[in-house]
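> Mind looking at a prediction? Sequence and model below.
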There are 2 protein chains.
Amino acid sequence: MKQTPTKTKKGPKRAATMAMVAARAGVSAMTVSRALKSDGAVSDETRTRILAAVEELGYVLDLSAGALSSKRTGFVAALIPSINNSNFSDTARGITEAIEGQGLQMLLGYTDYDMDKEEQLVRAMLTRRPDGIIVTDGRHTPKARRMLLSAGIPVVETWDLPSDPIDNVVGFSNAEASRALVHRLYQKGYRNIAFIGGASRRDTRGADRRLGYKRAVEELGLPVGRTISFGNPPISMEQGGEAIVHLIAQWPDVDAAVCVSDLSAFGAIMECHRRGWSVPGRIAVAGFGDFEVSRCSWPRITTVAVDCRNIGLEAGRVMLRAIDDVRGGRRPGPETSIVPFEVIEREST
Amino acid sequence: MKQTPTKTKKGPKRAATMAMVAARAGVSAMTVSRALKSDGAVSDETRTRILAAVEELGYVLDLSAGALSSKRTGFVAALIPSINNSNFSDTARGITEAIEGQGLQMLLGYTDYDMDKEEQLVRAMLTRRPDGIIVTDGRHTPKARRMLLSAGIPVVETWDLPSDPIDNVVGFSNAEASRALVHRLYQKGYRNIAFIGGASRRDTRGADRRLGYKRAVEELGLPVGRTISFGNPPISMEQGGEAIVHLIAQWPDVDAAVCVSDLSAFGAIMECHRRGWSVPGRIAVAGFGDFEVSRCSWPRITTVAVDCRNIGLEAGRVMLRAIDDVRGGRRPGPETSIVPFEVIEREST
DNA sequence: CTGTTAGCGCATTCAC
DNA sequence: GTGAATGCGCTAACAG
């Protein structure tokens, strides 16, 4: 009555291995390996027999074993601040699109806008021996930076233009983008422009946007210091609503608000509706990121558009080239790709 | 002048291996392995020496090698329809929270609401030999189903209550939730209720919601067939706007619209604003999913709230138990966990 | 076009 | 508390 009394007497159906497929097809394991990579030179007749055996056994290639032997895991690690922010999930999607089909798979992690968490994630990712790693942001803890530098794999920093890049870069200047937006508002006639953003220094892109705002109002000779700071990023829609109320209470003469992202801009505008403040009549509101909500809200929201998916595609492309170079024995040669941004004027300003 | 003329003369700094650490610390590789897993019995003195060597060499454990030998990759594969939909990215986040700290890492893939893509992804994921796999949806291609059944690892189906579960389930009935929403609208006095959703059958959750709507209007004796169908899911905010215009043109007497998700509901409402149609005066609009935009928009949107992050946490918990069972030699025993939903009435109805 | 040999870096299993 | 032998499943490198 005992189940499986003797050893190796067909346990719970041990997963098929390449050797089993080989035995069944009457070839060597190596030939199976070649047949399955499709690039290998295998006769059609043999391949057919092998594929039949694969089918019968329900065999699935074990890349984790293959990785060990070929010293290529086929992983590209990608760290983004948040998976819930569609800007970054668009970038993740772009990365996926760029590398899938090249036999590479993304290993995704989220830092929660926290450099220490980024450091932990870099360590955790390196443990999987990715063929490359893509990070968001150009600032890192010293340890994280050291690990990235010494990992011996291509690195791509995105969404920023680091002053001292680790390796490759695909990004833009958040400060310049923000500055351009303020200038555009100035051209439209606004003369008292405020900024709404997160309080902490965690979100370095947010900090850069704030910096660009500051530069712009200074060089335009506008009133400075019109800044509302909120809690930890990401600053939410709801916080945007609270912020605009504070803003108007504190500086009733402000005629335009630049928000650190479209999400807070949207929250601000909806709160204005609730209070009967016309946008842009009572106050103009602009955002950053060109989220879907900005294109559909009423009024539609002026913003800085960045092609987030394209950042991912570019980062993926740069990564592929770098990985190829490494394989070809070439020294990669860091590449910097600057992606454009565009101020999109809509009804909210 | 030649670089590295002799063989093995320190190439581009070969990555440190456990054996190197062992040599440097004057112990065996096995002891290093024990020291690094922290559960191992190693004397404090030895551990200190080993950790020093690790530091000096910048050694990072290679889990991909460890996986081969331990037959546990530490991966949990998770397939979601879209990374850009915050409902699902919340679930992914929940999964991550539940399994990280248990030494498990999520391998994320997106199906684009496409069963065939899901099948491809299942195959691709199995190639990495995950310790378990979590899928969204209870319907799959026959091949995908077969692969999941025969993979020999725990499976969790989420966001649905499959009639014939593969293994574990963490979900709720989309149809029942949608039905409850229509009943609530009926209680509020609405008597001509329409549905706005995607056209294709790809989004099975969307199809279930439509089904629940249909049942409800039938059992309530309301006019049937008030249905606007749009293109491929996910139906966007913009499509929601177009849909409500068509809806009102076709059935001017409709007094409430149930949308397949909050995103389309939001788009619909903003389009109403643009056209001067009062919401809910001219027409009430409800959504599904309790997205952030619904809590902040003006008016705030009535919706069905599901705790998406909790679905992920639950799925992760169930997965952990199942993996533990498998390791302990127990037969897991499928678990079904039904998560609650709640109709949240807000200003849009 | 196909097979053989060797070994990737680690953890399991057993000694001691 | 520590070490030695062994092999996980696959592929690189060569041979034929």
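Arrived safely, thanks for sending. Numbers count the residues shown, from 1 in each chain, chains lettered A, B, ... in the order given.

> which bits of the stretch 101-250 of chain A sit near chain B?
A:105-108, A:110, A:123-124, A:126-129, A:146-147, A:150, A:152, A:236-238, A:240-241 (CB under 8 Å from any CB of the partner chain). To be clear about C-beta, it is placed using only N, CA and C from the backbone, and glycine gets the same treatment.

> how about a cut-off of 10 Å?
Residues of the stretch 101-250 of chain A that fall close to chain B, judged by CB under 10 Å from any CB of the partner chain: A:105-110, A:112, A:120-130, A:146-147, A:149-153, A:236-241.

> Let's see which of the residues you listed end up in helices.
The helices in this structure, assigned by DSSP state H, contain A:120-126, A:146-147, A:149-150, A:237-241 from those.

> Only whichever of those are buried, select them in PyMOL.
Burial among these is assessed by 16 or more other CB atoms under 10 Å in any protein chain shown; the matching PyMOL selection reads:
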select buried, chain A and resi 120+121+122+124+125+126+147+237+238+239+240+241
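
> Mind telling me the two of the ones in helices among the residues of the stretch 101-250 of chain A next to chain B farthest from one another?
The span of these, defined through CB to CB, is set by A:Ser150 and A:Gly241 at 45.6 Å.

> Show me the helices in chain A, by range?
A:18-25, A:29-37, A:44-57, A:63-70, A:86-99, A:115-126, A:142-150, A:174-187, A:204-220, A:237-250, A:262-275, A:292-296, A:308-327.

> CA atoms of the longest one as CSV?
This file holds the C-alpha atoms of helix A:308-327, laid out as CSV (Å, rounded to 0.1, in the frame of the first residue of the first chain):
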residue,chain,number,x,y,z
CYS,A,308,8.5,57.6,-21.3
ARG,A,309,8.1,54.5,-23.3
ASN,A,310,10.8,55.8,-25.6
ILE,A,311,13.2,56.3,-22.7
GLY,A,312,12.7,52.6,-22.1
LEU,A,313,13.2,51.7,-25.7
GLU,A,314,16.3,53.7,-25.9
ALA,A,315,17.7,52.4,-22.7
GLY,A,316,17.0,48.9,-24.0
ARG,A,317,18.7,49.6,-27.3
VAL,A,318,21.7,51.1,-25.6
MET,A,319,21.8,48.1,-23.3
LEU,A,320,21.6,45.6,-26.2
ARG,A,321,24.5,47.4,-27.9
ALA,A,322,26.6,47.4,-24.8
ILE,A,323,25.9,43.7,-24.1
ASP,A,324,26.8,42.9,-27.6
ASP,A,325,30.0,44.8,-27.4
VAL,A,326,31.0,43.0,-24.2
ARG,A,327,30.4,39.7,-25.9
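
> In it, which residues are buried?
Those would be A:308-320, A:322-323, A:326, for helix A:308-327 by 16+ other CB under 10 Å.

> Let me know the angle separating it from helix A:86-99.
Interaxial angle of helix A:308-327 relative to helix A:86-99 (axes from the mean of the first three to the mean of the last three CA atoms, to 10 degrees): 40 degrees.

> ok, now the fourth one?
Counting by the same axes, to 10 degrees, helix A:63-70 points 60 degrees away from the direction of helix A:86-99.

> What are the contacting residues of helix A:63-70?
A:17-18, A:33, A:36-37, A:62, A:72-75, A:103, A:105, A:128-129, A:131, B:62-69, B:71, B:73, B:75, B:124, B:126-130 (CB atoms under 10 Å, 6 or more residues apart in numbering or on different chains).

> tell me the angle that helix makes with helix B:115-126.
50 degrees.

> ok, now the longest one?
For the pair helix A:308-327 and helix B:115-126, the angle between their directions (the same axes, to 10 degrees) equals 40 degrees.

> counting contacts, what elements does helix A:308-327 pack onto?
strand A:75-80, helix A:86-99, strand A:132-136, strand A:155-158, strand A:168-171, strand A:336-338 (3 or more CB pairs under 10 Å, 6 or more residues apart in numbering or on different chains; DSSP states H and E).

> go with 7 Å
In terms of contacts (3 or more CB pairs under 7 Å, 6 or more residues apart in numbering or on different chains; DSSP states H and E), helix A:308-327 is packed against helix A:86-99, strand A:132-136, strand A:155-158, strand A:168-171.

> Compile the ones you listed into a markdown table and extend it with columns for mean pLDDT and mean neighbour count.
Converted to a markdown table, the helices and strands packed on helix A:308-327 look like this (pLDDT from 0 to 100; neighbours: other CB atoms under 10 Å in any protein chain shown):
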| stretch | mean pLDDT | mean neighbour count |
| --- | --- | --- |
| helix A:86-99 | 96 | 24 |
| strand A:132-136 | 97 | 27 |
| strand A:155-158 | 98 | 27 |
| strand A:168-171 | 98 | 25 |
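
> among those, which is nearest B:Tyr213?
Among these, if distance is taken as CB to CB, the winner is helix A:86-99, at 27.4 Å.

> starting at the chain centroid, how far to the closest one?
Taking CA atoms, centre = their mean, to the nearest Å, one finds helix A:86-99 lying 6 Å from the centre of the chain it belongs to.

> Stretch A:114-132 now?
Worked out by CA atoms, centre = their mean, stretch A:114-132 lies 14 Å from the chain centre.

> how far away is the residue of the stretch 201-349 of chain A found nearest DNA strand C from A:Gly312?
In the stretch 201-349 of chain A, the residue that lies nearest DNA strand C is A:Val326 (15.2 Å; CB to the nearest atom of the strand). Plainly put, A:Val326 is 21 Å away from A:Gly312 if you go by CB to CB, to the nearest Å.

> again, but for A:Gly267
From A:Gly267 to A:Gly312 the distance is 26 Å (CB to CB).

> which stretches of chain A have low pLDDT?
A:1-13, A:40 (pLDDT under 70).

> So which bits of it are right by DNA strand D?
A:15, A:17-19, A:29-30, A:33, A:36-37, A:61-63, A:65-66, A:68-70 (CB under 7 Å from any atom of the strand).

> Check the residues you listed one by one and keep those near DNA strand C.
Among the residues of chain A next to DNA strand D, DNA strand C is touched by A:29-30, A:68-69 when using CB under 7 Å from any atom of the strand.

> and A:Thr227, what does it touch?
A:194-195 (CB atoms under 7 Å, 6 or more residues apart in numbering or on different chains).

> same check, this time on the one 10 residues further on
Contact criterion CB under 7 Å, 6+ apart gives A:263-264, A:266-267, B:292-293, B:296 as the residues in contact with A:Met237.

> now those residues in TSV, with distance to B:Thr204 and neighbour count?
As requested, the contacts of A:Met237 are exported to TSV (distance: CB to CB, whole Å; neighbours: other CB atoms under 10 Å in any protein chain shown):
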residue	distance to B:Thr204	neighbour count
A:Leu263	29	28
A:Ser264	35	31
A:Phe266	30	27
A:Gly267	33	30
B:Glu292	24	17
B:Val293	24	29
B:Cys296	29	25
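
> thought A:Ala144 was touching A:Gln120?
No. A:Ala144 lies out of contact with A:Gln120 (CB atoms under 7 Å); the separation is 8.8 Å.

> before we move on, back to that, buried ones from the residues of chain A next to DNA strand D, can you make that a ChimeraX selection?
Selection of the buried residues among the residues of chain A next to DNA strand D in ChimeraX, burial being defined by 16+ other CB under 10 Å:
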select /A:15,18,33,36,61,62,63,65,66,68
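
> tell me which residues of stretch A:265-280 are tucked away?
Per 16+ other CB under 10 Å, stretch A:265-280 contains these buried residues: A:265-273, A:277, A:279-280.

> is it anywhere near chain B?
Yes. If you take CB under 7 Å from any CB of the partner chain as the test, stretch A:265-280 does meet chain B, through A:266-267, A:270, A:273-274.

> got it, and stretch A:338-347?
No. With CB under 7 Å from any CB as the criterion, chain B is not reached by stretch A:338-347; the gap is at least 9.6 Å.

> And that stretch, end to end?
29 Å (CA to CA, to the nearest Å).

> Report the buried residues of that stretch.
Under 16+ other CB under 10 Å, the buried positions of stretch A:338-347 are A:339, A:341, A:343-344, A:346.
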